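# model the following, please.
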Amino acid sequence: MNLILLFPDDFTGESRARLTGRRWEHVRGVHRPKPGARLCVGLAGGAVGTAAVKQWDEDGVELEVRLDRPPPPPLPVILALALPRPKVLRRVLLAAASLGVKAIHLFHCDRVEKSYWQSPLLRPEAVREALILGLEQTRDTVLPEVRVWRRFGPFAEETLPGLGEGRLRLAAQPGAAADCPRGVRQPVLLAVGPEGGFRHTEVAALAAAGLAAVSLGERILRVETAVPVLLARLF
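Numbering: from 1, shown residues only. Below you'll find the model as predicted:
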(Lines give C-alpha, C1' and ligand atoms only; values in the text may rest on other atoms or scores of the structure.)
Protein backbone atom coordinates (compact mmCIF):
# COMPACT_ATOMS: atom_id res chain seq x y z
CA MET A 1 0.00 0.00 0.00
CA ASN A 2 1.23 3.51 -0.87
CA LEU A 3 -0.93 5.17 1.78
CA ILE A 4 -2.17 3.92 5.13
CA LEU A 5 -5.79 4.93 5.50
CA LEU A 6 -6.70 5.99 9.02
CA PHE A 7 -10.17 6.09 10.54
CA PRO A 8 -11.45 8.09 13.54
CA ASP A 9 -11.46 4.95 15.71
CA ASP A 10 -7.69 4.60 15.15
CA PHE A 11 -6.95 7.82 17.02
CA THR A 12 -6.03 7.65 20.67
CA GLY A 13 -5.41 11.42 20.89
CA GLU A 14 -5.56 14.53 18.75
CA SER A 15 -2.49 13.52 16.73
CA ARG A 16 -1.81 9.98 17.94
CA ALA A 17 -3.10 6.83 16.26
CA ARG A 18 -2.64 3.11 16.72
CA LEU A 19 -2.66 0.63 13.83
CA THR A 20 -3.58 -3.03 14.26
CA GLY A 21 -4.64 -5.90 12.02
CA ARG A 22 -3.95 -5.88 8.28
CA ARG A 23 -2.40 -2.42 8.22
CA TRP A 24 0.02 -3.20 11.04
CA GLU A 25 0.99 -6.47 9.40
CA HIS A 26 1.74 -4.56 6.20
CA VAL A 27 3.78 -1.91 7.98
CA ARG A 28 5.74 -4.51 9.89
CA GLY A 29 6.33 -6.80 6.93
CA VAL A 30 6.97 -4.25 4.18
CA HIS A 31 8.22 -1.05 5.80
CA ARG A 32 10.10 -2.74 8.66
CA PRO A 33 9.76 0.43 10.72
CA LYS A 34 12.26 1.91 13.12
CA PRO A 35 11.50 4.60 15.71
CA GLY A 36 11.07 7.91 13.92
CA ALA A 37 10.43 6.35 10.50
CA ARG A 38 7.79 8.20 8.48
CA LEU A 39 4.84 6.68 6.67
CA CYS A 40 2.37 8.21 4.22
CA VAL A 41 -1.08 8.31 5.84
CA GLY A 42 -4.46 9.86 5.23
CA LEU A 43 -7.66 10.29 7.20
CA ALA A 44 -10.68 8.64 5.58
CA GLY A 45 -12.63 11.42 3.91
CA GLY A 46 -10.00 13.98 4.85
CA ALA A 47 -6.43 15.16 4.44
CA VAL A 48 -3.21 13.35 3.60
CA GLY A 49 0.07 13.62 5.47
CA THR A 50 2.75 11.67 7.28
CA ALA A 51 3.03 9.68 10.47
CA ALA A 52 6.13 9.12 12.57
CA VAL A 53 6.55 5.70 14.15
CA LYS A 54 6.77 6.01 17.94
CA GLN A 55 6.64 2.48 19.32
CA TRP A 56 5.14 -0.90 18.59
CA ASP A 57 4.45 -4.33 19.99
CA GLU A 58 3.20 -7.58 18.54
CA ASP A 59 -0.35 -6.28 18.21
CA GLY A 60 0.11 -2.80 16.79
CA VAL A 61 2.11 0.37 16.21
CA GLU A 62 1.76 3.86 17.70
CA LEU A 63 1.99 6.80 15.26
CA GLU A 64 2.36 10.55 15.59
CA VAL A 65 0.19 11.89 12.76
CA ARG A 66 0.42 15.12 10.80
CA LEU A 67 -2.18 15.75 8.09
CA ASP A 68 -1.37 18.78 5.96
CA ARG A 69 -2.61 18.47 2.37
CA PRO A 70 -5.77 17.55 0.48
CA PRO A 71 -6.28 14.22 -1.28
CA PRO A 72 -6.09 14.00 -5.09
CA PRO A 73 -9.00 15.61 -6.94
CA PRO A 74 -11.85 13.26 -7.87
CA LEU A 75 -12.55 12.16 -11.41
CA PRO A 76 -15.68 14.02 -12.67
CA VAL A 77 -17.55 10.86 -13.60
CA ILE A 78 -20.49 8.81 -12.41
CA LEU A 79 -19.92 5.16 -13.29
CA ALA A 80 -23.03 3.06 -13.91
CA LEU A 81 -21.90 -0.55 -14.12
CA ALA A 82 -23.91 -3.64 -14.98
CA LEU A 83 -23.07 -6.04 -12.19
CA PRO A 84 -20.17 -8.23 -13.40
CA ARG A 85 -19.06 -11.60 -12.09
CA PRO A 86 -18.28 -11.23 -8.39
CA LYS A 87 -14.50 -11.71 -8.68
CA VAL A 88 -14.44 -9.22 -11.55
CA LEU A 89 -16.50 -6.77 -9.50
CA ARG A 90 -13.79 -6.65 -6.86
CA ARG A 91 -11.12 -5.83 -9.45
CA VAL A 92 -13.27 -3.18 -11.11
CA LEU A 93 -14.09 -1.50 -7.80
CA LEU A 94 -10.41 -1.41 -6.88
CA ALA A 95 -9.49 0.08 -10.27
CA ALA A 96 -12.30 2.64 -10.19
CA ALA A 97 -11.35 3.80 -6.71
CA SER A 98 -7.69 4.02 -7.77
CA LEU A 99 -8.62 6.25 -10.72
CA GLY A 100 -10.66 8.66 -8.59
CA VAL A 101 -14.24 7.59 -9.32
CA LYS A 102 -16.45 8.70 -6.43
CA ALA A 103 -19.91 7.53 -7.50
CA ILE A 104 -20.63 3.98 -8.66
CA HIS A 105 -24.06 2.57 -9.47
CA LEU A 106 -24.34 -1.21 -9.89
CA PHE A 107 -27.40 -2.32 -11.82
CA HIS A 108 -29.06 -5.39 -13.26
CA CYS A 109 -29.63 -6.05 -16.96
CA ASP A 110 -30.53 -9.03 -19.10
CA ARG A 111 -27.03 -10.52 -19.42
CA VAL A 112 -26.34 -10.27 -15.68
CA GLU A 113 -26.87 -13.64 -13.99
CA LYS A 114 -29.25 -13.36 -11.06
CA SER A 115 -26.91 -15.48 -8.94
CA TYR A 116 -24.36 -12.64 -8.97
CA TRP A 117 -26.58 -10.68 -6.61
CA GLN A 118 -26.22 -13.37 -3.95
CA SER A 119 -22.43 -13.25 -3.84
CA PRO A 120 -20.75 -12.44 -0.51
CA LEU A 121 -18.41 -10.17 -2.51
CA LEU A 122 -21.35 -7.79 -2.90
CA ARG A 123 -21.79 -7.39 0.84
CA PRO A 124 -21.04 -3.87 2.09
CA GLU A 125 -17.93 -4.95 4.00
CA ALA A 126 -16.47 -6.70 0.93
CA VAL A 127 -17.21 -3.73 -1.32
CA ARG A 128 -15.65 -1.39 1.23
CA GLU A 129 -12.51 -3.52 1.45
CA ALA A 130 -12.00 -3.39 -2.33
CA LEU A 131 -12.50 0.38 -2.37
CA ILE A 132 -10.03 0.90 0.47
CA LEU A 133 -7.39 -1.12 -1.38
CA GLY A 134 -7.89 1.16 -4.38
CA LEU A 135 -7.53 4.30 -2.29
CA GLU A 136 -4.38 3.00 -0.62
CA GLN A 137 -2.83 2.35 -4.03
CA THR A 138 -3.16 5.96 -5.21
CA ARG A 139 -2.89 7.86 -1.93
CA ASP A 140 -6.51 8.91 -1.86
CA THR A 141 -8.78 9.12 1.16
CA VAL A 142 -12.34 9.67 -0.10
CA LEU A 143 -14.34 6.46 -0.36
CA PRO A 144 -16.60 6.20 -3.41
CA GLU A 145 -20.32 5.90 -2.82
CA VAL A 146 -21.72 2.65 -4.20
CA ARG A 147 -25.44 2.17 -4.83
CA VAL A 148 -27.23 -0.94 -6.04
CA TRP A 149 -30.19 -1.23 -8.43
CA ARG A 150 -31.65 -4.69 -8.96
CA ARG A 151 -34.12 -3.72 -11.72
CA PHE A 152 -32.98 -2.25 -15.02
CA GLY A 153 -36.24 -0.63 -16.07
CA PRO A 154 -36.74 1.71 -13.11
CA PHE A 155 -33.02 2.50 -13.01
CA ALA A 156 -32.93 3.49 -16.69
CA GLU A 157 -36.23 5.33 -16.70
CA GLU A 158 -36.25 7.03 -13.29
CA THR A 159 -32.67 7.30 -12.03
CA LEU A 160 -30.36 7.73 -15.01
CA PRO A 161 -31.95 10.95 -16.34
CA GLY A 162 -31.32 12.68 -13.03
CA LEU A 163 -27.79 11.33 -12.74
CA GLY A 164 -27.01 12.67 -16.19
CA GLU A 165 -28.11 16.25 -15.63
CA GLY A 166 -25.33 18.62 -16.69
CA ARG A 167 -23.15 15.72 -17.85
CA LEU A 168 -22.00 14.16 -21.09
CA ARG A 169 -24.00 10.92 -21.16
CA LEU A 170 -22.36 7.85 -22.67
CA ALA A 171 -23.05 4.12 -22.81
CA ALA A 172 -20.19 1.81 -23.80
CA GLN A 173 -21.52 -0.64 -26.37
CA PRO A 174 -19.48 -2.98 -28.59
CA GLY A 175 -20.15 -2.24 -32.26
CA ALA A 176 -21.55 1.25 -31.69
CA ALA A 177 -21.03 3.56 -34.66
CA ALA A 178 -19.58 6.42 -32.63
CA ASP A 179 -16.13 6.24 -31.04
CA CYS A 180 -15.67 6.98 -27.36
CA PRO A 181 -14.50 10.61 -27.14
CA ARG A 182 -11.09 11.57 -25.83
CA GLY A 183 -9.99 14.20 -23.33
CA VAL A 184 -13.43 15.57 -22.50
CA ARG A 185 -13.60 18.69 -20.36
CA GLN A 186 -16.94 18.21 -18.67
CA PRO A 187 -18.49 15.84 -16.15
CA VAL A 188 -19.54 12.47 -17.54
CA LEU A 189 -22.14 9.81 -16.84
CA LEU A 190 -20.71 6.54 -18.17
CA ALA A 191 -22.71 3.32 -18.37
CA VAL A 192 -20.80 0.08 -18.92
CA GLY A 193 -22.65 -3.14 -19.64
CA PRO A 194 -21.71 -6.82 -19.61
CA GLU A 195 -18.91 -8.10 -21.85
CA GLY A 196 -21.43 -9.00 -24.56
CA GLY A 197 -22.93 -5.53 -24.42
CA PHE A 198 -26.45 -4.35 -23.73
CA ARG A 199 -29.48 -5.86 -25.46
CA HIS A 200 -31.05 -3.72 -28.20
CA THR A 201 -34.00 -2.87 -25.97
CA GLU A 202 -31.59 -1.78 -23.22
CA VAL A 203 -29.65 0.42 -25.65
CA ALA A 204 -32.96 2.04 -26.58
CA ALA A 205 -33.80 2.62 -22.90
CA LEU A 206 -30.39 4.16 -22.30
CA ALA A 207 -30.85 6.37 -25.36
CA ALA A 208 -34.21 7.52 -23.98
CA ALA A 209 -32.34 8.58 -20.83
CA GLY A 210 -29.96 10.62 -23.01
CA LEU A 211 -27.01 8.21 -23.14
CA ALA A 212 -25.27 7.97 -26.51
CA ALA A 213 -23.81 4.58 -27.44
CA VAL A 214 -20.03 4.68 -28.02
CA SER A 215 -17.39 2.07 -28.76
CA LEU A 216 -13.70 1.45 -28.15
CA GLY A 217 -13.31 -0.20 -31.55
CA GLU A 218 -13.56 -3.71 -32.90
CA ARG A 219 -12.11 -5.49 -29.89
CA ILE A 220 -14.53 -6.66 -27.20
CA LEU A 221 -12.76 -6.16 -23.88
CA ARG A 222 -13.32 -7.74 -20.52
CA VAL A 223 -15.11 -5.46 -18.09
CA GLU A 224 -12.07 -5.11 -15.83
CA THR A 225 -10.09 -3.92 -18.87
CA ALA A 226 -12.80 -1.81 -20.47
CA VAL A 227 -13.53 0.35 -17.43
CA PRO A 228 -9.96 1.66 -16.92
CA VAL A 229 -9.50 2.09 -20.69
CA LEU A 230 -12.71 4.10 -20.99
CA LEU A 231 -11.86 6.32 -18.04
CA ALA A 232 -8.31 6.92 -19.27
CA ARG A 233 -9.59 7.79 -22.74
CA LEU A 234 -12.25 10.15 -21.46
CA PHE A 235 -10.01 12.05 -19.06
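# which residue, other than its chain neighbours, is closest to the most centrally placed residue in the chain?
The chain has Ala97 as the residue nearest its centroid, 2.8 Å off, counting by C-alpha atoms, centre = their mean. Excluding the flanking residues, the one nearest Ala97 by C-beta to C-beta, 6 or more residues apart in numbering is Gly134, at 2.8 Å. Any C-beta I mention is one placed from the backbone N, CA and C, and that applies to glycine too.
# and Ala156, by the same measure?
Nearest non-adjacent residue to Ala156 (C-beta to C-beta, 6+ apart): Ala205, at 4.2 Å.
# can you tell me the SS state at that neighbour?
helix (DSSP: H, G, I helix; E, B strand; the rest coil).
# show me what contacts it?
For Ala205, the contact set (C-beta atoms under 8 Å, 6 or more residues apart in numbering) comprises Phe152, Gly153, Ala156, Glu157.
# same question, Gly49
By C-beta under 8 Å, 6+ apart, the neighbours of Gly49 are Cys40, Val41, Gly42, Val65, Arg66, Leu67, Asp68, Arg69.
# count the neighbours of the residue lying closest to Leu231 once chain neighbours are set aside for me.
Of all residues not flanking Leu231 in the chain, Leu99 sits nearest, at 5.2 Å (C-beta to C-beta, 6+ apart). Here the number of neighbours of Leu99 (other C-beta atoms under 10 Å) works out to 20.
# tell me which element the residue nearest to the centre of the chain is part of?
Using DSSP states H and E, Ala97 maps to helix 86-99.
# helices of this protein, start to end?
For the chain, applying DSSP state H gives helices covering 21-26, 86-99, 124-138, 152-154, 160-163, 200-208, 223-234.
# picking up where we left off before, pretty sure the residue nearest to Ala97 sits against Gly100.
No - assessed by C-beta atoms under 8 Å, Gly134 is found out of contact with Gly100, at 9.5 Å.
# mind listing the shared neighbours of these two?
Asp140.
# what about Ala95, neighbour count?
18.
# oops, could you answer that again for Leu211 instead?
27.
# over to Gly196?
10.
# quick check: closest non-adjacent residue to it.
Arg111 (5.5 Å).
# check contacts around the one you found.
Ala82, Gly193, Pro194, Gly196, Gly197, Phe198, Arg199.
# what of Ala226?
Counted by C-beta under 8 Å, 6+ apart, Ala226 has contacts Ala172, Val192, Glu195, Leu216.
# for the last one, give me phi and psi.
Spelled out, it's Leu216. phi -100, psi 10 (degrees, to the nearest 10).
# isn't it right up against Cys180?
Yes - look at Leu216 against Cys180 with C-beta under 8 Å: they come within range, at 5.6 Å.
# distance of the residue nearest to Ala97 relative to Ala178?
30 Å (C-beta to C-beta, to the nearest Å).
# what about the residue nearest to Ala97, how many neighbours?
Other residues close to Gly134 by other C-beta under 10 Å number 23.
# okay, buried residues for the worst-scoring helix or strand of the chain on mean pLDDT please.
Within the chain, no helix or strand scores below helix 21-26, which has a mean of 93 by mean pLDDT, DSSP states H and E. When burial is assessed from 16 or more other C-beta atoms under 10 Å, helix 21-26 yields the following buried residues: Arg23, Trp24.
# shaky segments in the chain?
By pLDDT under 70, the chain has no low-scoring segment.
# how close does the closest residue to Glu145 other than its chain neighbours sit to Ala51?
Nearest residue to Glu145, sequence neighbours excluded (C-beta to C-beta, 6+ apart): Ala103, at 5.5 Å. Using C-beta to C-beta, Ala103 is found at 29 Å from Ala51.
# more neighbours: these two, which one.
Between Ala103 and Ala51, counted using other C-beta under 10 Å, the more crowded position is Ala51 (25 against 17).
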